[in-house]
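Peer 1: The following comprises the amino acid sequence and a computationally predicted model.
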Amino acid sequence: MRAVKTSINSSSQVSTPVVNKEFHFYGSPIKIPIEASIQWPNHDISTLKLLQVIHKHGERSPMSWTPNDPYHDIKYWPEGLGELTAKGKYQMYKIGQFIRNEYKTYFGDNISPRDVYARSAASSRSSESCSALLAGAFPPTQQQWQWDVGNDTQLAHVWQPIAIETFLPEKDDLVCNEARHCKAVNDETTRIYSQSVVKEFEAKYKDLYDKLTKGVGSKIDDIWSAFDLYDTLSAELDNNYFWDKTWTKNEETDFVKQLYYSALNGQKWDYDSPIIKQLRTGGLVNETNGNFQKVVDNKNTKKIYIYSTYGAHVSALMQALNVFDDVIPPNGATLLFELHTKDKSSDYFVRIFYLNSGSPQPGTPVPLIFKDCNNQTDCKLEKYFQSNQHLLFKESQFDTLCKN
């Protein structure tokens, strides 16, 4: 996925999202249930053997501004550009609480920090999101994990440090990021955006782009510039920052709704190629496959693996696994990969649940259908491995596959 630029000027067409899905902005907050057993009553974890969590960071401030942006001032964004907001921290903490509440019988009462593996992209918003999720999921409820040895630190009774791994330099991370230089990806991206279907889409929205160009003071003339503007405006709307001197609230809201389709198509086209899917998601798929295999080989030492990443990476992964729901992953979007066995046997199968604001019941994860596994929600592990085999590569093969 093309990284969001620091300046706005910097195959097949996507279908319009189905009408029964509630429209939401890019950063719409996820509603988290107070009591998991009420919100997810039919969730069976009696045969669960491993949980893996892959999530987008929480709400963040804009990545860039256009010249006429009335909120082009850091006073409106004390966190800094592209950083996790207070709402984003709260959001991720509540998701952590949800995970702990829903999986409490799986985790047990004596779960140790050593039972948890966490890895994050190196950005502040990703690592802080992971930290907040961990704080909500794994408070030190047992005395042995409470570190108030001086009897003067209340924090020690509600929070414990849990290690988070990362990879530097971030641009070379193949697990939680997708920005490593790759000529093959760049060539495919150029080919995709040269297609007539893209040009026709941009022509269809030319009037909108021209109108926005006059308002924002920067040229909006293609999918990418529209995507960046959508990203900025939706982040501002999430914080009730409207361009009152430029548009009415209804006008601005309508502009963002129209820009959404440029952003959605862009996120689809960014990965509309087998080689792009492989080289941008294969590292993460290989990692999660390896964790499942550890369970099969009786070599696993963790209860949960957590990967904190970006919305583009979550979208790319869902597209690569053929479970994408044609909705841009909102802030805090969380994939729950479960490995189960049937009837206490060694017959392993995978389920994936998706916690996002587009769920039929807000706050309730929805099961994803494996299109490559006979449209089932339970996919035998062997079949699951077979369905994503084409995505895998060794790190030593990356430059060769990329034709760098």
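Peer 2: Here it is on my side, so go on. Numbering: from 1, shown residues only.
Peer 1: Now the element after the top helix by length along the chain, going C-ward?
Peer 2: Using DSSP state H to define each element, the chain has its longest helix at helix 274-296. With elements assigned by DSSP states H and E, the helix or strand that comes after helix 274-296 is strand 304-309.
Peer 1: Mind listing what's buried along the longest helix of the chain?
Peer 2: Neighbour-count burial for helix 274-296 flags 276-289, 291-292, 295-296 (criterion: 16 or more other Cβ atoms under 10 Å). Every residue, glycine included, has its C-beta placed from N, CA and C.
Peer 1: and that helix, what does it pack onto?
Peer 2: In terms of contacts (3 or more Cβ pairs under 8 Å, 6 or more residues apart in numbering; DSSP states H and E), helix 274-296 is packed against strand 48-56, helix 183-193, strand 304-309, helix 311-320, strand 334-341, strand 348-355, helix 381-388, helix 398-402.
Peer 1: okay if I get the ones you listed as TSV plus mean neighbour count, distance to residue 326 and mean pLDDT?
Peer 2: Formatted as TSV, the helices and strands packed on helix 274-296 follow (neighbours: other Cβ atoms under 10 Å; distance: least, Cβ to Cβ, whole Å; pLDDT from 0 to 100):
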stretch	mean neighbour count	distance to residue 326	mean pLDDT
strand 48-56	22	16	97
helix 183-193	16	17	98
strand 304-309	25	20	98
helix 311-320	24	10	98
strand 334-341	21	16	97
strand 348-355	22	12	97
helix 381-388	17	20	98
helix 398-402	15	28	97
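Peer 1: Would you mind giving those as JSON lines with distance to residue 142 added?
Peer 2: Compiled in JSON lines, the helices and strands packed on helix 274-296 are given as follows (distance: least, Cβ to Cβ, whole Å):
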{"stretch": "strand 48-56", "distance to residue 142": "20"}
{"stretch": "helix 183-193", "distance to residue 142": "47"}
{"stretch": "strand 304-309", "distance to residue 142": "17"}
{"stretch": "helix 311-320", "distance to residue 142": "33"}
{"stretch": "strand 334-341", "distance to residue 142": "24"}
{"stretch": "strand 348-355", "distance to residue 142": "27"}
{"stretch": "helix 381-388", "distance to residue 142": "32"}
{"stretch": "helix 398-402", "distance to residue 142": "43"}
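Peer 1: So which residues of this protein form helices?
Peer 2: According to DSSP H, the helices that the chain contains are 36-39, 86-102, 104-107, 124-137, 183-193, 196-204, 206-216, 223-238, 249-269, 274-296, 311-320, 381-388, 398-402.
Peer 1: Quick one: closest of those to residue 374.
Peer 2: Residue 374 sits nearest to helix 381-388 of all the helices of the chain, at 8.5 Å, using Cβ to Cβ.
Peer 1: Just tell me which of the helices and strands packed on helix 274-296 ends up closest to residue 209.
Peer 2: The closest approach between residue 209 and any of these, judged by Cβ to Cβ, belongs to helix 183-193 at 15.3 Å.
Peer 1: Packing partners of that closest one?
Peer 2: In terms of contacts (3+ Cβ pairs under 8 Å, 6+ apart), helix 183-193 is packed against helix 274-296, helix 398-402.
Peer 1: and the first one, how far out from the chain's middle?
Peer 2: Meaning helix 274-296. Centroid separation between helix 274-296 and its chain, computed with Cα atoms, centre = their mean, to the nearest Å, is 16 Å.
Peer 1: Direction-wise, compare that helix with helix 249-269 and give the angle.
Peer 2: In terms of direction (axes from the mean of the first three to the mean of the last three Cα atoms, to 10 degrees), helix 274-296 departs from helix 249-269 by 80 degrees.
Peer 1: just for the stretch 201-350 of the chain, where's the confidence low?
Peer 2: Applying pLDDT under 70 to the stretch 201-350 of the chain picks out residues 344-345.
Peer 1: and if we set it to 90?
Peer 2: Within the stretch 201-350 of the chain, the ranges that satisfy pLDDT under 90 run 342-346.
Peer 1: Give me the pLDDT for residue 362.
Peer 2: pLDDT recorded at residue 362 is 50.
Peer 1: my bad, residue 29
Peer 2: On the pLDDT scale, residue 29 gets 51.
Peer 1: before we move on, what about the one 5 residues further on?
Peer 2: Per-residue confidence for residue 34 comes out at a pLDDT of 45.
Peer 1: returning to that earlier point: out of the helices and strands packed on helix 183-193, nearest to residue 199?
Peer 2: Ranking the helices and strands packed on helix 183-193 by distance to residue 199, with Cβ to Cβ as the measure, places helix 274-296 first at 19.6 Å.
Peer 1: Export only the CA atoms of that closest one, formatted as CSV.
Peer 2: This file holds the C-alpha atoms of helix 274-296, laid out as CSV (Å, rounded to 0.1, in the frame of the first residue of the first chain):
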residue,chain,number,x,y,z
PRO,A,274,-0.9,-11.4,-7.1
ILE,A,275,2.7,-10.3,-6.8
ILE,A,276,1.8,-7.2,-4.7
LYS,A,277,-0.4,-9.4,-2.4
GLN,A,278,2.5,-11.8,-1.9
LEU,A,279,5.3,-9.3,-1.4
ARG,A,280,3.2,-7.0,0.9
THR,A,281,1.6,-9.6,3.1
GLY,A,282,3.7,-12.8,2.8
GLY,A,283,5.9,-11.9,5.8
LEU,A,284,2.9,-11.6,8.1
VAL,A,285,1.1,-14.7,6.7
ASN,A,286,4.3,-16.7,7.2
GLU,A,287,4.6,-15.5,10.7
THR,A,288,1.1,-16.4,11.7
ASN,A,289,1.3,-19.7,9.9
GLY,A,290,4.4,-20.5,11.8
ASN,A,291,2.7,-19.8,15.1
PHE,A,292,-0.1,-22.2,14.2
GLN,A,293,2.4,-24.8,13.2
LYS,A,294,4.1,-24.5,16.6
VAL,A,295,0.8,-25.7,18.2
VAL,A,296,0.6,-28.7,15.9
